[in-house]
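Trainee: take a look and give me a structure for this.
(chains A, B and C)
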Amino acid sequence: MARDLLGAVLVVERHGIRVAGRIIETEAYTTDDPASHSFRGRTPRNAVMFGPAGHLYVYRSYGIHWCANVVTGAEGDGQAVLLRAVDPLDGADEMLRRRGRRPLADGPGKLCQAFGLDGDDDGADLCGRGPMRILDDVAVQQSDPIVGPRVGITRAVDTPWRFRIS
DNA sequence: GGAACGATCTGC
DNA sequence: CAGATCGTTCCC
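Mentor: Residues are numbered from 1 along each chain as shown, chains lettered A, B, ... in the order given. Now for the predicted structure:
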């Protein structure tokens, strides 16, 4: 599932400003996975992960940053894909402004800041008429993403569930 | 009720 | 390389 999101386009259109980017790096998290928030079962924080696919699971990281996932499992499954990096398509200037003019680089925290995503967006529907959506119909079929270990985790360190395209 | 610990980022 | 910073989770 994490592979399928590679090349898809994340669009957030709010306050009349459209920000869009091509998803180039993801990580997979499942219920079987000790590194996943859903591993220890459903809690108030991760409830969205156990909901229907196509919704946004946003959580606070290290008390400072926001990180966004796309729920990819059926109801009750508890699986999601962490969005780690995008290639800016629309609103690159706005992204830069939100980033405090710091260089826009890889990383889930930076991605959320650039797209203006925070805790209020937890549970948002990406497949409805809301301000944010994922255009996977425009996804270019990717050949051989780079596969590697996930970043910043302490459990299941050797599980190669990070996927990256250029 | 308390303590430990992050799916991170930045600046020194 | 360490500090920021706070909600969530787990244990007593």
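Trainee: what residue ranges in chain A score low on pLDDT?
Mentor: Within chain A, the stretches with pLDDT under 70 are A:138-143.
Trainee: what parts of it come near DNA strand C?
Mentor: A:H37, A:R40, A:T43, A:P44, A:R45, A:N46, A:Y59, A:R60, A:Y62, A:G63, A:I64 (C-beta under 7 Å from any atom of the strand). Where you see a C-beta, it was placed from the backbone N, CA and C, and this is true even at glycine.
Trainee: go with 10 Å
Mentor: Applying C-beta under 10 Å from any atom of the strand, we find that chain A lies next to DNA strand C at A:37-47, A:49, A:59-65, A:109, A:119, A:122.
Trainee: list buried residues within these.
Mentor: By neighbour count, with 16 or more other C-beta atoms under 10 Å, those hold A:H37, A:S38, A:F39, A:N46, A:M49, A:Y59, A:H65, A:G109, A:D122 as buried.
Trainee: any idea which of these is the one closest to A:R101?
Mentor: A:G109 (16.3 Å; C-beta to C-beta).
Trainee: so who does A:S61 touch?
Mentor: A:C67, A:P108, A:G109 (C-beta atoms under 8 Å, 6 or more residues apart in numbering).
Trainee: give the pairing partners of the longest strand anywhere in chain A; include direction for each.
Mentor: Longest strand of chain A, by residue count under DSSP state E: strand A:17-29. When pairing is defined by DSSP bridges, strand A:17-29 lines up against strand A:9-14 (antiparallel), strand A:80-90 (antiparallel), strand A:162-164 (antiparallel).
Trainee: minimum distance to DNA strand B: which of the ones you listed has it?
Mentor: Closest to DNA strand B of these is strand A:80-90 (C-beta to the nearest atom of the strand; 3.4 Å).
Trainee: what's the closest one in contact with?
Mentor: The contact list for strand A:80-90, computed with C-beta under 8 Å, 6+ apart, reads A:1-2, A:5, A:9-11, A:18-29, A:36, A:38, A:49, A:57, A:67-73, A:95, A:104-108, A:111, A:114, A:151, A:162, A:164.
Trainee: next: stretch A:7-20.
Mentor: By C-beta under 8 Å, 6+ apart, stretch A:7-20 touches A:21-24, A:83, A:86, A:88-91, A:94-95, A:114-117, A:131-136, A:138-142, A:165.
Trainee: which of those are buried, as a PyMOL select command?
Mentor: Entered in PyMOL, the line below selects the buried ones among the contacts of stretch A:7-20, by 16+ other C-beta under 10 Å:
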select buried, chain A and resi 21+22+23+24+83+86+88+90+91+94+95+114+115+116+117+132+133+134+136+139+165
